[in-house]
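Visitor: No sequence on hand, only this structure:
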């Protein structure tokens, strides 16, 4: 089966949820009209990855200005219980496209934010949400940790979908949780724009024998408003170079990596290549050694059928 996939390497309208959702709508319509069946947006595209922000924190103290900034970030974060979700579900349905959207998610039951990946189907709407199980470094100040119930996978009309966000992809057990479900299209939104990230995407494709979609933002400090430029004053102008890439199960790069500019990557992938690639290696098949190793993921849900 062939599937046309598109990765959006662009910038949000930072800290402006409404304007960013309008941009998501515009880009989705544009690429759905060109034949894309799956469209992926980067990590925390809504309302933006807060690169260079300290939120007034240091060991042992916080500032009132930092709390105010966090509250502002919270206010513009994606709310699954608001009109945000129906709006994106309607977009996917109208455009007949699968949509994977990186958001900072807020919840009504607490004041914690989560770095999340939403899987939205044109047939049934929200399939599920993956929340990052381990925010990286200073991200832990603003994002909470999820648990095994967030390691979701989905059996859809375009293949078996799953994935991890940014440096979760360096966690071997988290990757294996995806492989064990037979994920065919592995989605990896990120904020890591280093050259080495491409090697990680290629390794996962080879290890999991799956198609890997690595999607990042392109962002410069000038894209911040003057207010936020003053907060990120010590950051370089080039804040995130991008590096989005599409990799086949044999490790071949099909599109990208795209650096130093906004743009999109599109490729038509053939899921039959997954079976062919497993002649040489299958981490959950003939290369598995259940007589030596055992593997269990606490509370990971079964693969959900569309």
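Guide: Right, received. Where do you want to start? Please read all numbers here as calculations on a predicted model, not as lab measurements.

Visitor: Stretch 290-306: how far from the chain's middle?
Guide: 21 Å (CA atoms, centre = their mean, to the nearest Å).

Visitor: mind listing what's buried in that stretch?
Guide: Neighbour-count burial for stretch 290-306 flags 300, 303 (criterion: 16 or more other CB atoms under 10 Å). Placement of C-beta: from N, CA and C, glycine included.

Visitor: For residue 105, what is the enclosing helix or strand?
Guide: Residue 105 belongs to strand 98-106 when elements are defined using DSSP states H and E.

Visitor: So which elements touch that strand?
Guide: When contacts are defined as 3 or more CB pairs under 8 Å, 6 or more residues apart in numbering; DSSP states H and E, strand 98-106 packs onto strand 38-40, strand 78-79, helix 84-95, strand 113-121, strand 159-163, strand 185-190.

Visitor: next one: that strand to chain centre, how far?
Guide: Counting by CA atoms, centre = their mean, strand 98-106 comes out at 7 Å from the chain centroid.

Visitor: Is it correct that residue 188 is in contact with residue 162?
Guide: No - with contact defined as CB atoms under 8 Å, residue 188 does not reach residue 162; the gap is 10.2 Å.

Visitor: just checking, what packs against the longest helix along the chain?
Guide: In the chain, assigned by DSSP state H, the helix with the most residues is helix 17-33. In terms of contacts (3+ CB pairs under 8 Å, 6+ apart), helix 17-33 is packed against strand 2-9, strand 38-40, helix 84-95, strand 263-270.

Visitor: rerun at 7 Å
Guide: Counting contacts by 3 or more CB pairs under 7 Å, 6 or more residues apart in numbering; DSSP states H and E, helix 17-33 is packed against helix 84-95.

Visitor: Can you show me the strands along the stretch 201-306 of the chain?
Guide: Per DSSP state E, counting those that start in this stretch, the stretch 201-306 of the chain carries strands over the ranges 211-216, 219-220, 238-240, 242-247, 253-259, 263-270, 304-305.
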